[in-house]
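Visitor: Could you work out the structure for the sequence below:
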Amino acid sequence: MCGSDQLVLLIRAAREDASVREPLLKLLALDDAARVRAIEKWVKEGVASGQSIELLSAIAWLTDDDVAREARDVLAQS
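Guide: Next comes the predicted model:
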């Protein structure tokens, strides 16, 4: 499964589960530069700690400003 597929699964999970949605919305509420820094840190630490590459790949897609805005809009409708 490619990263974009994982992103779709992440957004679906966030729409259905507040424990996923709330932290993701907080991340997406950051300004663009702060969001990118937070994601880069999350991914770097996640790789170091052995987190799921699929999850980290999905999160990494959110460094793109347009993707992040779209995700925020979708989650705001939930």
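Visitor: So for stretch 39-53, what gets flagged as buried?
Guide: Across stretch 39-53, burial judged by 16 or more other C-beta atoms under 10 Å covers Ile39, Trp42, Val43, Gly46. To be clear about C-beta, it is placed using only N, CA and C from the backbone, and glycine gets the same treatment.
Visitor: distance between the longest helix along the chain and the chain's centre?
Guide: For the chain, the helix that runs over the most residues, judged by DSSP state H, is helix 32-49. The chain centre lies 10 Å from the centre of helix 32-49; the measure is C-alpha atoms, centre = their mean, to the nearest Å.
Visitor: swap in stretch 67-78?
Guide: Using C-alpha atoms, centre = their mean, the offset of stretch 67-78 from its chain centre is 11 Å.
Visitor: Renumber starting at 49 from here on
Guide: New numbering, starting at 49: the last item is stretch 115-126.
Visitor: what does that stretch rub up against?
Guide: 55, 59, 62-63, 69, 72-73, 76-77, 80, 83, 109-110 (C-beta atoms under 8 Å, 6 or more residues apart in numbering).
Visitor: now Ala66: how far from Leu72?
Guide: 10 Å (C-beta to C-beta, to the nearest Å).
Visitor: just Gly98 next, same as before
Guide: Gly98 is 21 Å from Leu72, by C-beta to C-beta.
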